[in-house]
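A.B. asks: Quick one: sequence and predicted model below, then my questions.
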Amino acid sequence: MATRTPAPRTSAAAPGRVPRQEARGAGAHPTTAPRGGVRGALGRAGEAVSAWVARADTPATSFYLLAVTTGVLVVLGLVMVLSSSSVESLQAGLSPFAQFTRQLLFAAFGLPMAYAASHVPVRVWKRVAWPAVALAAVLQLLVYTPLGYGSGGNRNWVSFGPLNVQPAEFVKLALAVWCAAVLVRKAPLLRDWRHVVVPVVPVAGGLLGLVLLGRDLGTGMVVMLVIAAALWVAGVPLKILLWPAAGLVAVAAVLVVTSQNRMSRIGDFLSGDCDPQGGCYQSAHGLMALAGGGITGLGLGSSREKWSYLPEAHNDFIFSIIGEELGLLGTLLVLVLFGALAVGCMRVIRRHEDPFAKIVTAGVMAWVVGQALVNMGVVLGLVPVIGVPLPLVSAGGSALVATLLALGVVLSFARSEPGAPALLATRAGVVRRSLVVAASPLARRGARRRGDARGAR
């Protein structure tokens, strides 16, 4: 009887299936298989964005992000001030470019100041902290002298002949720098409330009181944001921060209750049937401007509300004109720009090695981004009407110059981030060499023409 030799066992693949090792191939990985459909397209797009972000994340990214965003916001503001103010300037018997020319002059003054401030070393800003806060206090005190005057029920301006200055705008920057200098020196003692109170409360609270004495609650709230952000980033415990926060809320409540105008504004905001021809006139027309713009807007210069329907169209409610003329896309652009500004400031706070730079940047970010959110919230009807302009965009010389100077200070910190000085110097050298190379053919051509002219003589 013959014996049957058992056949060797093989791993037979089921019909239509490829063995695992053959499917992988040499050196292949299961996750590298091509992806199709919507999910694959989204995955590839996410990978491309991640790769672009990784390439863009350099030591100089904060500097370029802040510089470009600031420049775009200033240019956008100049264009919108021209568009929103031309009609009222004509009605006042002035040139349609009157408000724009004024804003352009302040921008031409503020941008070089920002550039110069961006090259100042960090140690210099530490040294000027006390002189800066003293100068800001003197300027704010001038508001209550014969040089000062009021506007819109608030006394917050100083007149130096043809030049009008709002000192409270410079108080914000002075307090950001001064709080940083003091809090860094007291860093090991900030868990003791007594070292937080002295000297922060007498100096910062005194300057805030000078601002509120002129009944400018909107600017006072922004000053409160600057102080709170500086204390928070410096590491003051939350339980200590609650007491001054409660005191500031009580002061603000007193200022609201004692002002008939503010009480009526809050009543109109909380009321469900506010009269659009009365207390809600400005808010109603601001929303009408936003709604009338649609997705793409009516076109630059085509606003209807700026024809004396919307008060303060070139100032506190310029965001409404942006929405009417540039549409939803224009308003989203403004949101993206301020979001990019916030990202640049957050990068400086996270990456810089000096706590002083971190605290100052936090105060400036709270000022600029916080004020922008409040302004847009007012226009959208999310908060009661508060008289604060849109930073870098609204008309106003003092606000524009002070904001540009503050962002110049932050740019100086971004320029001194770890690795940034060498990278910025390298790129500046590349730009200079490129300009020389581009200009050399023109120089040779000019020299050749001059030689031909001499030969012809």
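C.D. replies: Structure received. Numbers count the residues shown, from 1 in each chain.

A.B. asks: Please, where are all the helices along the stretch 351-457 of the chain?
C.D. replies: 355-379, 397-415, 420-456 (DSSP state H, counting those that start in this stretch).

A.B. asks: What sits closest to V171 if chain neighbours are left out?
C.D. replies: A136 (4.7 Å; Cβ to Cβ, 6 or more residues apart in numbering). The way it works is simple: take the backbone N, C-alpha and C, and place the C-beta from them, glycine included.

A.B. asks: tell me which element that neighbour is part of?
C.D. replies: A136 belongs to helix 129-141 when assigned by DSSP states H and E.

A.B. asks: Alpha carbons only: can I get that helix in PDB?
C.D. replies: Listed next in PDB are the C-alpha coordinates belonging to helix 129-141 (Å, rounded to 0.1, in the frame of the first residue of the first chain):
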ATOM      1  CA  ALA A 129       9.500 103.400  31.700                       C
ATOM      2  CA  TRP A 130       9.400 105.900  34.500                       C
ATOM      3  CA  PRO A 131      10.000 109.000  32.300                       C
ATOM      4  CA  ALA A 132       7.300 107.800  29.900                       C
ATOM      5  CA  VAL A 133       4.600 107.400  32.600                       C
ATOM      6  CA  ALA A 134       5.500 110.800  34.100                       C
ATOM      7  CA  LEU A 135       5.200 112.500  30.700                       C
ATOM      8  CA  ALA A 136       1.900 110.700  30.100                       C
ATOM      9  CA  ALA A 137       0.600 111.900  33.500                       C
ATOM     10  CA  VAL A 138       1.600 115.500  32.700                       C
ATOM     11  CA  LEU A 139      -0.100 115.400  29.300                       C
ATOM     12  CA  GLN A 140      -3.300 114.000  30.900                       C
ATOM     13  CA  LEU A 141      -3.300 116.700  33.500                       C
END
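
A.B. asks: worst average pLDDT in the helices of the stretch 351-457 of the chain?
C.D. replies: Among those, helix 420-456 carries the lowest mean pLDDT, a mean of 63.

A.B. asks: still on that earlier bit, pLDDT on the helix holding A136, on average?
C.D. replies: 95.

A.B. asks: now the angle from it to helix 355-379?
C.D. replies: 30 degrees (axes from the mean of the first three to the mean of the last three Cα atoms, to 10 degrees).

A.B. asks: buried residues in helix 129-141?
C.D. replies: A129, A132, V133, A136, A137, L139, Q140 (16 or more other Cβ atoms under 10 Å).

A.B. asks: Which residues outside that helix are in contact with it?
C.D. replies: 158, 165, 167-168, 170-171, 173-175, 177-178, 180-182, 203, 206-207, 210-211 (Cβ atoms under 8 Å, 6 or more residues apart in numbering).

A.B. asks: Just the buried ones from those residues?
C.D. replies: Buried by 16+ other Cβ under 10 Å: 158, 165, 167-168, 170-171, 173-175, 177-178, 180-182, 203, 207, 210-211, out of those.

A.B. asks: Which members of those residues occur in strands, if any?
C.D. replies: Members of these lying in strands (criterion: DSSP state E): V158, V165.

A.B. asks: In helices, which of the buried ones among the contacts of helix 129-141 fall?
C.D. replies: If you go by DSSP state H, the buried ones among the contacts of helix 129-141 have 167-168, 170-171, 173-175, 177-178, 180-182, 203, 207, 210-211 in helices.

A.B. asks: Closest one of those to Y64?
C.D. replies: Set against Y64, the nearest of those by Cβ to Cβ is L173 (22.5 Å).

A.B. asks: list the contacts for the closest one?
C.D. replies: Per Cβ under 8 Å, 6+ apart, neighbours of L173: A132, A136, V364, W367, A402, L405, A406, V409.

A.B. asks: mind putting these in a markdown table, distance to V379 included?
C.D. replies: Shown next, in a markdown table, are these (distance: Cβ to Cβ, whole Å):
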| residue | distance to V379 |
| --- | --- |
| A132 | 32 |
| A136 | 29 |
| V364 | 23 |
| W367 | 19 |
| A402 | 22 |
| L405 | 26 |
| A406 | 23 |
| V409 | 28 |
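
A.B. asks: so which of those residues comes closest to F356?
C.D. replies: V409 (11.0 Å).

A.B. asks: didn't that closest one look like it was pressed against V360?
C.D. replies: Yes - counting by Cβ atoms under 8 Å, V409 does reach V360; the two are 6.4 Å apart.

A.B. asks: Let's verify P311: helix, strand, or coil?
C.D. replies: coil (DSSP: H, G, I helix; E, B strand; the rest coil).

A.B. asks: number of nearby residues for it?
C.D. replies: 14 (other Cβ atoms under 10 Å).

A.B. asks: Now it. Nearest residue, chain neighbours left out?
C.D. replies: Q282 (5.2 Å).

A.B. asks: Quick one: list the elements packing against the helix or strand hosting the one you found.
C.D. replies: If you go by DSSP H and E, Q282 is part of helix 281-293. For helix 281-293, the packing partners by 3 or more Cβ pairs under 8 Å, 6 or more residues apart in numbering; DSSP states H and E come out as helix 318-351, helix 355-379.

A.B. asks: Reformat the ones you listed as CSV; add distance to L73.
C.D. replies: Output for these, formatted as CSV (distance: least, Cβ to Cβ, whole Å):
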stretch, distance to L73
helix 318-351, 5
helix 355-379, 9
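
A.B. asks: Make a markdown table from those and add distance to A414 and mean neighbour count to it.
C.D. replies: As requested, the helices and strands packed on helix 281-293 are exported to a markdown table (distance: least, Cβ to Cβ, whole Å; neighbours: other Cβ atoms under 10 Å):
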| stretch | distance to A414 | mean neighbour count |
| --- | --- | --- |
| helix 318-351 | 5 | 21 |
| helix 355-379 | 9 | 24 |
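
A.B. asks: Which of these sits closest to G267?
C.D. replies: helix 355-379 (15.8 Å).

A.B. asks: angle of that closest one against helix 318-351?
C.D. replies: Going by the same axes, to 10 degrees, helix 355-379 is angled at 160 degrees with respect to helix 318-351.

A.B. asks: picking up where we left off before, what residues are shared contacts of V409 and V360?
C.D. replies: Between them, V409 and V360 share the contacting residues W125, V177, judged by Cβ under 8 Å, 6+ apart.

A.B. asks: show me where pLDDT drops low in the stretch 201-350 of the chain?
C.D. replies: 272 (pLDDT under 70).

A.B. asks: Kindly recompute the last result at 90.
C.D. replies: Residue ranges of the stretch 201-350 of the chain with pLDDT under 90: 201, 214-218, 238-284, 308, 311-312.

A.B. asks: Need phi/psi at V257.
C.D. replies: Backbone torsions for V257, taken as degrees, to the nearest 10, come to phi -70, psi -30.

A.B. asks: Kindly export stretch 351-368 (C-alpha atoms) in PDB.
C.D. replies: The C-alpha coordinates for stretch 351-368 follow below in PDB (Å, rounded to 0.1, in the frame of the first residue of the first chain):
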ATOM      1  CA  ARG A 351       9.100  82.900  22.100                       C
ATOM      2  CA  HIS A 352      10.900  86.000  23.600                       C
ATOM      3  CA  GLU A 353      13.300  85.300  26.500                       C
ATOM      4  CA  ASP A 354      12.800  88.600  28.300                       C
ATOM      5  CA  PRO A 355       9.700  88.800  30.600                       C
ATOM      6  CA  PHE A 356       9.700  92.600  30.100                       C
ATOM      7  CA  ALA A 357       9.000  92.100  26.400                       C
ATOM      8  CA  LYS A 358       6.300  89.500  27.100                       C
ATOM      9  CA  ILE A 359       4.400  91.800  29.500                       C
ATOM     10  CA  VAL A 360       4.600  94.900  27.200                       C
ATOM     11  CA  THR A 361       3.400  92.900  24.200                       C
ATOM     12  CA  ALA A 362       0.500  91.500  26.200                       C
ATOM     13  CA  GLY A 363      -0.600  95.000  27.200                       C
ATOM     14  CA  VAL A 364      -0.300  96.300  23.600                       C
ATOM     15  CA  MET A 365      -2.200  93.200  22.300                       C
ATOM     16  CA  ALA A 366      -5.000  93.700  24.800                       C
ATOM     17  CA  TRP A 367      -5.200  97.400  23.800                       C
ATOM     18  CA  VAL A 368      -5.200  97.000  20.000                       C
END
